[in-house]
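Peer 1: coords below, sequence missing:
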Ligand SMILES: CC(C)(COP(=O)(O)OP(=O)(O)OC[C@H]1O[C@@H](n2cnc3c(N)ncnc32)[C@H](O)[C@@H]1OP(=O)(O)O)[C@@H](O)C(=O)NCCC(=O)NCCS
């Protein structure tokens, strides 16, 4: 359903190539952050059915380095919406195929995206959590939303 968390979920998958590396030979953090911003933007666009800008990124945490040749999966999910703003949790999972390992979380962050129509913040549809997993995400997003509001 179009007001659900799963409807707007955005997922991209990429193999990391030498062009993504920093001088240490690991994947550049900025490349990963761009993937995260794209996933947050797509999730916001799908939910709002229109343009959205990044207003804020909180708690970006680099848990594990990513190497050239790794397969990276980036997942963006809405967790909560206010009036015109959307809370989006973005995670990057990394899979080292040479080690035949399972994907592991490498980065996480919380994005606030704001829906704009003609440059003006505009109300977004409500977000309806349905599954127990949705409800857990929604509670987390609601907490973050009010923590951020208190700082503005
Ligand atoms: C994001 C932006 C549109 C907000 O404009 P604004 O005049 O402050 O808008 P408002 O005060 O009406 O707030 C609109 C919503 O944004 C939220 N918001 C505004 N600034 C925020 C911030 N720094 N962090 C988190 N949320 C913010 C408000 O809480 C409000 O949420 P709500 O509608 O759910 O209650 C404006 O600051 C902007 O254009 N920033 C630049 C965005 C950009 O260029 N991003 C990079 C490229 S995509």
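Peer 2: Great, that's in hand. Keep in mind it's a predicted model, so treat the numbers as computed, not measured.
Peer 1: Can you show me the helices along this structure?
Peer 2: 5-8, 29-48, 132-151 (DSSP state H).
Peer 1: among those, which is nearest the ligand?
Peer 2: Ranking the helices of the chain by distance to the ligand, with CB to the nearest ligand atom as the measure, places helix 132-151 first at 5.0 Å. Placement of C-beta: from N, CA and C, glycine included.
Peer 1: quick one on the thing from earlier: deepest of the helices of the chain, which one?
Peer 2: Using mean count of other CB atoms under 10 Å, the stretch among the helices of the chain with the greatest mean number of neighbours is helix 29-48 (a mean of 20).
Peer 1: So what touches that one?
Peer 2: If you take CB atoms under 8 Å, 6 or more residues apart in numbering as the criterion, helix 29-48 is touched by 7-12, 14, 16, 20, 22, 51-52, 54, 57, 60, 62, 66, 72, 74-78, 81, 86, 88, 90, 92, 106-107, 109, 111, 113, 115, 122, 124-125, 127.
Peer 1: is it anywhere near the ligand?
Peer 2: No. For a cut-off given as CB under 6 Å from any ligand atom, helix 29-48 has no contacts with the ligand; the smallest distance is 7.1 Å.
Peer 1: could we number from 5 for the rest of this?
Peer 2: In the new count, where the first residue is 5, that last one comes out as helix 33-52.
Peer 1: as a whole number, average confidence for that helix?
Peer 2: The average of the pLDDT scores along helix 33-52 is 97.
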